[in-house]
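Q: my questions concern the predicted model and sequence given below.
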Amino acid sequence: MNAAFMGVAMYVMNYGDTPPNIYVEIARWMAPLATASGLVLAFITLREKVRRGMTYLCGDSIAVYGDGADALDILAQTGRKGIQGPENQMVRATRYILMYTDEKDSYDFYKRNLDVLSDKQVYIKSSIIRAQQVECDHLHFFHYEEAQSRAYWKEQSLIQEAMQKEYQLRIVLIGGGKLAESLLIEGLQKNIFHSNQRIEYHVFYADQKYIACCPGISKISDPVIFHEEEWYQSIPCLNEADRILVSDQRNDIEFLQDLLAVVPNGRIDVFSCESGLLDRLFQRANLRIYDAEQEGKKLKNILNEKLFEQAKQLNWNYAVLYGAAGLEKESIETLWAGLDAFTRYSNVNSVDYHEIRLQMLKILTGSERTDPDTYLPYLEWFSELEHIRWCRYHFLNDWDYGILPDGKAKDPNLRIHQSLVPYKYLSEEEKEKDRDTVRFMFEQKA
């Protein structure tokens, strides 16, 4: 108390006597430093507020909230558009990315600031909520595992192997968890190459809850076999596989040594958080190592701007063709906002599959061209594959075939649709809808 009194007396009352103790002496020397530090801190805070405001005013800003290294990585990818969201404080931005380590923190932040975020585009990292179940058109949930799986099946497509083996393949997936589940679901929706194909998926270590909650898998023509035994008890199955996908192994090194011993020549693709280490340890021609979360951590795969823009255009084109909208481009966003989440993501799924269609056309024609003279000879083939994709999307979201007594084509509440049948049983009018989708997508790409 004495030191405090003497400090006040010295600085406020201009007291100039020799300080009576060491505490007052320290205070005398530290006071200017503290004042300077306070000014610097105030300047930095003000500068950051000004920078955030200018970033927002320039438009298309992205505020990133999170408490881990991933959030900083995403912020770095945003460049000049990025705003680092201060903890528990709301900043103005065009879009928001919430990616706290504990998902509950992201949901709590969204709820606390719902009055501001209700009309903003918000992206939330989640391993629980599926995007197709969220009706808010401004709210998006992203998953590292889903992005990784989507990118894998497009970049490492099975098309060449399928054509060489008359569309009869066997894929083995070893590992549980979200990544393994996403690889299976995305594979079923991307690996569609022929109406008479048979691509078998053999899955080891699938979660029993996941199997029970996905009855739609059994409705898909490509068989999915869930194995209860250990992978090393089915070595013939592994040796006959065209590709083995490995994910979620707790001891990658020991496991890979054993797997390579029993499958010395088959192609093995491994997804691991220790991809760099495994790359250095294992130098085998038949082994490919992928970062388990690399694609999911890319800003473009979180926002998916191009994908959603094309999906909106596809939906608008369909509405114009079938009389639900005029030709005004302004109606695109209105139509999109009026869709339920399931239908929105059906359009997204259709656009995403088009990359596979483009790869097929290139192999079939040996050309990069996508003009009508190039794709029209294959229009019926692609239209049938589009219908198969559409059916699989519905089956995987628990829809089924059914005829409604009121004569309507579908009932979203009962999840019944009369067109969930093989392409050959569709009317010409229904087939034309698939042809329209294929035509539109090729025109968009061109």
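A: Sure thing, it's come through. Numbers count the residues shown, from 1 in each chain.

Q: when you work out contacts or count neighbours from here on, use the C-alpha atoms and nothing else.
A: Fine.

Q: so which residues make contact with stretch 187-199?
A: Residues from elsewhere that reach stretch 187-199, judged by CA atoms under 8 Å, 6 or more residues apart in numbering: 149, 153-154, 157-159, 162, 166-171, 221-223, 353, 356, 360, 381, 384-385, 388-389, 392-393.

Q: buried residues in stretch 339-351?
A: Across stretch 339-351, burial judged by 16 or more other CA atoms under 10 Å covers 340, 341, 342, 344, 345, 346, 347, 348, 349, 350, 351.

Q: likewise stretch 222-238?
A: 222, 223, 224, 226, 231, 238.

Q: ok so, going back, now, the contacts of stretch 187-199 that are in helices?
A: Judged by DSSP state H, those include 149, 153-154, 159, 162, 353, 356, 360, 381, 384-385, 388-389, 392-393 as members of helices.

Q: which of these sit farthest apart?
A: 149 and 381 (25.4 Å; CA to CA).

Q: one step back: pLDDT and distance to residue 276 for the buried residues of stretch 222-238 - can I get that in JSON lines?
A: Below are the buried residues of stretch 222-238 laid out as JSON lines (pLDDT from 0 to 100; distance: CA to CA, whole Å):
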{"residue": "222", "pLDDT": "97", "distance to residue 276": "34"}
{"residue": "223", "pLDDT": "97", "distance to residue 276": "34"}
{"residue": "224", "pLDDT": "97", "distance to residue 276": "32"}
{"residue": "226", "pLDDT": "96", "distance to residue 276": "31"}
{"residue": "231", "pLDDT": "94", "distance to residue 276": "25"}
{"residue": "238", "pLDDT": "96", "distance to residue 276": "25"}
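
Q: quick revisit: any chance of CSV for the buried residues of stretch 339-351, columns secondary structure, distance to residue 209 and pLDDT?
A: What follows is these, written out as CSV (DSSP: H, G, I helix; E, B strand; the rest coil; distance: CA to CA, whole Å; pLDDT from 0 to 100):
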residue, secondary structure, distance to residue 209, pLDDT
340, coil, 27, 91
341, helix, 24, 91
342, helix, 23, 93
344, helix, 27, 93
345, helix, 24, 94
346, helix, 25, 94
347, helix, 28, 95
348, helix, 27, 95
349, helix, 25, 96
350, helix, 28, 96
351, helix, 30, 96
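
Q: so who does the spatially most central residue of the chain touch?
A: Centroid check for the chain by CA atoms, centre = their mean gives residue 147 as the closest residue, at 3.6 Å. The contact partners of residue 147, taken as CA under 8 Å, 6+ apart, are 295, 296, 301.

Q: from residue 187, how far out is the closest residue to the first one other than its chain neighbours?
A: Put plainly, it is residue 295. Among residues not flanking residue 295 along the chain, residue 148 sits closest, at 5.0 Å (CA to CA, 6 or more residues apart in numbering). Separation of residue 148 from residue 187 (CA to CA, to the nearest Å) stands at 12 Å.

Q: again with residue 97
A: As judged by CA to CA, residue 97 and residue 187 stand 28 Å apart.

Q: more neighbours, those two?
A: When residue 97 and residue 187 are compared for neighbours, residue 97 comes out ahead with 26 against 21, by other CA atoms under 10 Å.

Q: pull out the buried residues from the helix or strand hosting residue 335.
A: Following DSSP states H and E, one finds residue 335 within helix 331-337. For helix 331-337, a neighbour-count test (16+ other CA under 10 Å) marks 332, 336, 337 as buried.

Q: just the strands in this protein please.
A: For the chain, applying DSSP state E gives strands covering 62-65, 82-84, 95-98, 121-125, 139-142, 168-174, 198-204, 224-227, 243-246, 268-272, 287-291, 400-401, 410-411, 416-417.

Q: export those strands as JSON lines, with columns for distance to residue 369.
A: Below are the strands of the chain laid out as JSON lines (distance: least, CA to CA, whole Å):
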{"stretch": "strand 62-65", "distance to residue 369": "36"}
{"stretch": "strand 82-84", "distance to residue 369": "37"}
{"stretch": "strand 95-98", "distance to residue 369": "36"}
{"stretch": "strand 121-125", "distance to residue 369": "36"}
{"stretch": "strand 139-142", "distance to residue 369": "33"}
{"stretch": "strand 168-174", "distance to residue 369": "28"}
{"stretch": "strand 198-204", "distance to residue 369": "29"}
{"stretch": "strand 224-227", "distance to residue 369": "35"}
{"stretch": "strand 243-246", "distance to residue 369": "30"}
{"stretch": "strand 268-272", "distance to residue 369": "31"}
{"stretch": "strand 287-291", "distance to residue 369": "31"}
{"stretch": "strand 400-401", "distance to residue 369": "37"}
{"stretch": "strand 410-411", "distance to residue 369": "37"}
{"stretch": "strand 416-417", "distance to residue 369": "36"}
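
Q: looking at the ones you listed, which is nearest to residue 366?
A: Counting by CA to CA, residue 366 lies closest to strand 168-174 out of these; the figure is 22.7 Å.

Q: ok now the closest one, how far from the chain's centre?
A: 23 Å (CA atoms, centre = their mean, to the nearest Å).

Q: quick one: buried residues of that strand?
A: Neighbour-count burial for strand 168-174 [16+ other CA under 10 Å]: 168, 169, 170, 171, 172, 173, 174.

Q: and residue 408, how many neighbours?
A: 10.

Q: from residue 422, how far off is it?
A: 19 Å.

Q: can I get the buried residues of stretch 222-238 in TSV with distance to residue 81?
A: Converted to TSV, those look like this (distance: CA to CA, whole Å):
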residue	distance to residue 81
222	44
223	46
224	44
226	46
231	48
238	48
